[in-house]
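**Q** Any chance you can model this:
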Amino acid sequence: MARYTGPKSKISRKFGEAILGPSKALSKKNYPPGQHGRGRRGKKSEYALQLQEKQKIKYTYGMLERQFARIFHLAAVRDGQTGTNLIQLCESRLDNIVYRMGIAPTRRAARQLVTHNHILVDGEVASIPSLLVKPGQTVGVREKSKAQENIKTSLSLNSAKKYGWIEFNSADFVGTFISYPEREQVPENFNDQAVVELYNK
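**A** Numbering: from 1, shown residues only. Predicted structure coming up:
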């Protein structure tokens, strides 16, 4: 199954943000990884900045190049702004929705729950993390998985997090993907327009 399996701390240090979840490396080594990480770096070209934004979105949502290209194509053919469509489609991925609902503490953990058949979409087992959930569909935890300690712990720790485009009932372990989020509602710091410009070259 296609996914990034390299070191998480290097990715966080590369972007200066906790891209793949909480990272102690950012406080200990707040400079880019590599032999010349502490050295002075020259000004990045426009292309390098655009590529970096693309990589940031890919790593954040756990996609490799082929998956990202597919999502971008879907975003480009939809009505509206391509950059906004791109983020909305990324947000509608099943593993991301499981993470947003608080069922898992990170997107990586959410991906694992999905692949291990713990998650239901409209009452049916869904095992594909990249599945694009549509507005109105329900996402929940399988009945026999509700007793899992990691799921209950995650829900208790993330119960305060609320997102306007998702409803979640922690008593029933079921939520609804109400609508695609507005661009300003997504808390991650992305320059999606730079990615659109990169693909339009």
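
**Q** Show me the shaky parts of this structure.
**A** For the chain, the stretches with pLDDT under 70 are 1-42, 160.

**Q** per-domain residue ranges of it.
**A** 8-33+43-89+192-199, 93-179 (automatic domain parsing).

**Q** what's the closest of those domains to residue 186?
**A** With C-beta to C-beta as the measure, domain 8-33+43-89+192-199 is the member of the domains of the chain nearest residue 186 (5.6 Å). All C-beta spots, glycine's among them, are computed from the backbone N, C-alpha and C.

**Q** my guess is residue 179 contacts residue 134, does it?
**A** No - using C-beta atoms under 8 Å, residue 179 is not in contact with residue 134, being 10.0 Å away.

**Q** Skipping adjacent residues, who's closest to the residue positioned nearest the centre of the chain in space?
**A** Nearest to the mean C-alpha position of the chain, by C-alpha atoms, centre = their mean, lies residue 61 at 3.0 Å. If the residues on either side of it in the chain are set aside, residue 61 comes closest to residue 90, at 4.7 Å by C-beta to C-beta, 6 or more residues apart in numbering.

**Q** can you redo the domains of the chain as JSON lines with distance to residue 185?
**A** Below are these laid out as JSON lines (distance: least, C-beta to C-beta, whole Å):
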{"stretch": "domain 8-33+43-89+192-199", "distance to residue 185": "10"}
{"stretch": "domain 93-179", "distance to residue 185": "6"}
